[in-house]
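Visitor: Need the 3D shape of this:
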Amino acid sequence: DFTPAPAPNQSRHDFGGGEYLQHVELGTGEYIIVLQWDDDFYSLGAPQGAVNDLDIFLTGDDGTILYGFNRDNNGDASQGIPGGDPIEVMPFTVVNPTSTNIMIELADGSGPLPRFKYVVFRAGDEGTFITDPPLGMAAGNSTIVGHANAAGTMAVGAVRYSNTPAFGGTLKAEGFSSTGGTPVSGSPLREKPDFMGPNGGNTSVGFGAPDTEEDNIPNFFGTSAAAPHAAGVAALLLHAHDKFGIPVPLDVRRILRNTATDMGSPGFDYISGYGFISTYDALKQLANPTPILDNLNLDNLNTELYQPGEVAFTLIVEGQFLEESSVVFFDGEELETNIIDDNTATVEIPPFTGNPPVWIFTPPGPLTNGTDGGMSNVLTFFDDAPEDVIIEVAPSEKRYGEPLPEFTFTATLASTGEPLNSEELSLLAPAVSFSTAATSASNVGIYAVMPDTAEIDPSLYDAYRFFLQDGALIVNPMPVTIQPVSPEPVFYGDPIPEITYEYIFGEEGEELEIDPSVAGAIAQQHTNALSLANGIALVNGIALVNGIALVNGEPYIDGSDDGIANGIALVNKTFYVSQSTVDAAGTALQSGIALVNGTGSEKIVQFGADLFTTAGIDNGDLSGITNGIALVNGTPLVNGTPLVNGIALVNGIALVNGIALVNGIALVNGIALVNGAPYDLLNGTPLVNSSGEYNPVFDAFENVLGILNAGDANAEGPIDIRPITVITGLDAGTQYIIPGGFINDNLILSYKPAPLVIEPAPWAVFVGNTTIDYGQEPPFEVPVAYEPYNEFPYGQTAEDVFGTFQFSPADGCTSATEITVDPVPETPNFDVAYFSGSLTVNPAPLTIEANTSYITEGEPLPSTFTSTVTGLVCGDPAPAASSITYTVLNNDYLPADSPPGPGVYYVVPALDDPNGDYDNYSVTEVWGELYVIPVVSCEERVEATLLCREPATLPGEPQITTVLHFEYYNPLFVSMYIPLGPRNMLAGDAYYVGEPPEAFFPGAYTFDIYTDGGSLQWEVQTDECATPSISGNGLDASVCEMPGAFHPAAGSGPGLASEQAELSVEIFPNPARSAAWLQVRNGEGPATVEVYNGQGKLLSAGTLPEPGAEKWMLDLSGYPPGLLFFKVDCKNESRVVKLIRK
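Guide: Here you go, the predicted model:
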């Protein structure tokens, strides 16, 4: 029972006296300790499984944990997480004899304190496992359980064959041999084991055990080896019972128990049972053996004085299988025989003449049919006794697939070990033939070769007795290199060619003979293995890898970009892929990849070289390209569970290629894999360095690389992995085909990549005819066509292949007539020819706008004007002032008089370009205005008025809360011009949007200024008047009586604004830059708006709903700077207003 140790170690078992550590002495070799406790098994149907979680550890003398290999066994019922089985397995290897401690800990649990035991299944090379406190021999310490403890079975323990008397040893149970004494409810303790049998002998099957005799023949250890030996003895008893007609029933167990050789104290014990099994003594219980006479020993006759027959003497008879009932016959007469032991007897020989025969006779047993026992061979005193010659087949070897070798033998005298002389050998050699079950196609293993002497010359029998000894033929694996056959070069984007393989037998450069049927079978096995990937044929499931480099001329996967070759070499490598990865992959049709002889339904598994960086391998990272996990050296780790040959073993024990797996943990020569790292014990210390580095354990699979997907990492059952052929990429250049492998114990498989040359695909790019504006900035809209197709291989687009084209000329500052691709993009997968297109360069728009100017009445027309030039591109200079001439026109568009009268005049600019410096431009001359300001008194000045205020907002101006409606009144019949500045300004601390007008038309007009509600007033000062006209302040303005319905009073004088009260049209602000407001009042029905430039060219037209209080925002960005005329038609009325667009 689990007994808590004193605090603070109450979670640990008290081995006695408050001690929670059990000291143990260990020898060298491999150990397997299994802890089991009395609890429910999830694997046997218990809903929650184990309710307690016990763990077992190796510790230092101070309790420091050195090694443990424990799992969570009881889950969490409150979270609905089931537990497992009440078992922990702790495998480890001891390099040097050492001592350590066992500690049992109750990690968690909700049930009563459990009963437990730990079983040492493997105890090093010599069975060393000495504990303090000792394990003892109590019934509770028994390890014979289950079927081995059943009443009807014969349980067999193990004794190393070299410890048996036949080999000069002392009988001793193996350390791993199980102990009896397990109680069974309702029954007394059963006597188990029944008896012991030999183990460790040679066998023809390799289990990975050590070759203790170093004779290159595998050994077979364990009670699994001892039990067949005992079963063989039982079979002999059964055969003898039938052959000799024994009339009574046969009790095999009783006979084997009663005839066993005691190993310890007399009688039964729980370690060795009734003793070591004795075949000879057991068979003697049924029948008598036939004796063999080996020699007539004359030691009791003084042969220096007498010859046999001259005097009586005591003859020592030497032979085999002598029984108490055996008698010696001399010249046909039975002599009184004294049996010394199984091999020796004495008789008295009287004087005789001649050469009488001597033999031994054993009568049949009392229960037999009389066919047992019998007469031995005959010897005489004066004939030379035939010498024993041992004919032994010499050891031989061959490799799988090779023809049988020429067998040979040795013939030696048994007495001296010397070979027969050459003359006798010449007679013997032709007569000896050989037979074996092995053929050229026999699997790797050890096969008996039997000699046959049926054709021996009869004369040899006079001198020799021949004893035949079989020999061993060892069939070794055949080295085979699998290499794809390099296809003819293909172009990028062509269907992947069919892949075939060649199989190179033997070592490089070796000439050998191979059975054609074996070579064909190997090729077929390989083809069948590759077709396992979702049942797809040979080339199906070809994988693509990015990131292949050449290191010393060999292909190399390196997914990093650090410039260091730290990835995986592809020489002698093969790939495996999980079935779930294949299932999740797209088909060839979906991937845009064609296969020769393909249907499009083949799977294309794509993965990235980033799987094979050192860090990616160590960490089990997913690929950045697809959800892939790399398996390295054939040892994928999925939740710490290694896969061997694609078989994941979880919560079970199995043998895979001789590798034991316990609870899903691979045990390779007793080394446990802990998350992929092998743990050894060196003087009680695990051999794992601080950086976690380790060497792969599965050397047999060191040339295997594999791919899992993320879903496999969480798989609970076995993960099915299949071989797959890999192409390192489809880009132009030298790619490599890495052959998919397969598992065949008859072969030492190597893999050699084969080059696949992919040429760049021939392609053409045609640049289409293109029109641009002079000075236009790129990118241009350039049509491009491709041949032979506008679609590219593998679903690529033109942008994927070429990126964004750049052209020459690169911008619109050119006079070129052709447009070409320049620079040419790098397209390693395409051999591209480029063809130019024609280029048309349209003139760029250039605006020359005469600037507004003014003079006072009575002054002559100005001699010079200025203009604003917009639209220059390509760094071209503005026209010289001297190249622009000006004409001043009156309202009738006639040249104005000088000095002109008060009013507004048009200033018309004209560009003089005799040298064609501006041929790349389409020039638009925008008329300006010349204001002739009349001389007036203060009574005739422009009056400023603040009409009212109302709430308002402006898009993009969160500070605006108010709109102020201002009005000016010009009492004259001519327009006035007062530029913005000290004589025409808004004064106050308010934030505002908008400006007062500079041109003041006859009559009354309004404009709006948007503010944040702060202090603001308008001040305007007319020439010849010392004081300005000042409006009211926005802070004090009255609120408009009808918010949103305010409209300005009609102008009372002539001008370009509304001239009739019936239809009112207003645009403000004026001048404007990017936008202005249009308001139409007092009209009937929809209004048509047409926009003209200064030369009368219609620029745009549109329709407004029925005029009213609503203002309409005008987007001026599309109009050229200069003078614009807005003509508004509403039913039968028409108005024209002017706007200056800056």
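
Visitor: So for stretch 757-774, first residue to last residue, what's the gap.
Guide: Stretch 757-774 has an end-to-end distance of 48 Å (criterion: C-alpha to C-alpha, to the nearest Å).

Visitor: Now the strand or helix carrying residue 524 - C-alpha only, PDB.
Guide: According to DSSP states H and E, residue 524 maps onto helix 516-530. Extracted C-alpha coordinates of helix 516-530, given in PDB (Å, rounded to 0.1, in the frame of the first residue of the first chain):
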ATOM      1  CA  PRO A 516      16.300 -10.600 -62.700                       C
ATOM      2  CA  SER A 517      13.200 -11.600 -60.800                       C
ATOM      3  CA  VAL A 518      14.600  -9.900 -57.600                       C
ATOM      4  CA  ALA A 519      15.500  -6.800 -59.500                       C
ATOM      5  CA  GLY A 520      12.000  -6.600 -61.000                       C
ATOM      6  CA  ALA A 521      10.400  -7.200 -57.600                       C
ATOM      7  CA  ILE A 522      12.400  -4.400 -56.000                       C
ATOM      8  CA  ALA A 523      11.300  -2.000 -58.700                       C
ATOM      9  CA  GLN A 524       7.700  -3.100 -58.300                       C
ATOM     10  CA  GLN A 525       7.900  -2.700 -54.500                       C
ATOM     11  CA  HIS A 526       9.200   0.800 -54.900                       C
ATOM     12  CA  THR A 527       6.500   1.700 -57.400                       C
ATOM     13  CA  ASN A 528       3.800   0.200 -55.100                       C
ATOM     14  CA  ALA A 529       5.200   2.200 -52.200                       C
ATOM     15  CA  LEU A 530       5.100   5.500 -54.000                       C
END
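
Visitor: what's next to that helix, contact-wise?
Guide: Helix 516-530 is contacted by residues 400-401, 440-441, 480, 482, 501, 503, 505, 538, 541, 722-725, 739-744, 747 when judged by C-beta atoms under 8 Å, 6 or more residues apart in numbering. Using the backbone N, CA and C atoms, a C-beta is placed for each residue, glycine as well.

Visitor: Only the buried subset of these, as a PyMOL command please.
Guide: In PyMOL, a selection of the buried entries from those looks like this (16 or more other C-beta atoms under 10 Å):
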select buried, resi 400+401+440+480+482+501+503+505+538+541+722+723+724+725+739+740+741+742+743+744+747
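
Visitor: In strands, which of the contacts of helix 516-530 appear?
Guide: 480, 482, 501, 503, 505, 722, 723, 724, 747 (DSSP state E).

Visitor: hmm, which two among those residues are most spread apart?
Guide: Using C-beta to C-beta, the ones in strands among the contacts of helix 516-530 reach their maximum pairwise distance at 505 and 722, which is 24.9 Å.

Visitor: is the closest residue to residue 1122 other than its chain neighbours in a bridge, and if so with what?
Guide: The shortest distance from residue 1122 to any residue other than its chain neighbours is 2.4 Å, reached at residue 926 (C-beta to C-beta, 6 or more residues apart in numbering). Residues in a beta bridge with residue 926, per DSSP bridges, are residue 849.

Visitor: Look at residue 926 and report its pLDDT.
Guide: pLDDT recorded at residue 926 is 90.

Visitor: who touches it in this structure?
Guide: Contacts for residue 926 (C-beta under 8 Å, 6+ apart) come out as 847, 848, 849, 850, 909, 1093, 1094, 1120, 1121, 1122, 1123.

Visitor: okay if I get those residues as TSV plus pLDDT and secondary structure?
Guide: Listed next are the contacts of residue 926 as TSV, based on pLDDT from 0 to 100; DSSP: H, G, I helix; E, B strand; the rest coil:
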residue	pLDDT	secondary structure
847	93	strand
848	93	strand
849	93	strand
850	93	strand
909	94	strand
1093	78	strand
1094	61	coil
1120	82	coil
1121	77	coil
1122	74	strand
1123	76	strand
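
Visitor: Spell out for me the PyMOL command that would select the buried members of those.
Guide: What follows is the PyMOL syntax selecting those of the contacts of residue 926 that are buried according to 16+ other C-beta under 10 Å:
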select buried, resi 847+848+849+850+909+1093+1094+1120+1121+1122+1123
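
Visitor: contacting residues for the residue of the chain most remote from its centre?
Guide: Outermost residue of the chain with respect to the C-alpha centroid, by C-alpha atoms, centre = their mean, is residue 937; its distance is 95.5 Å. Taking C-beta under 8 Å, 6+ apart, we find residue 937 in contact with 1024, 1025.

Visitor: Give me the phi and psi angles of it.
Guide: phi -90, psi 170 (degrees, to the nearest 10).

Visitor: quick one: pLDDT of it?
Guide: With respect to pLDDT, residue 937 scores 87.

Visitor: what separates it from residue 971, distance-wise?
Guide: 11 Å (C-beta to C-beta, to the nearest Å).

Visitor: Kindly report the same for residue 853.
Guide: Counting by C-beta to C-beta, the gap from residue 853 to residue 971 is 24 Å.
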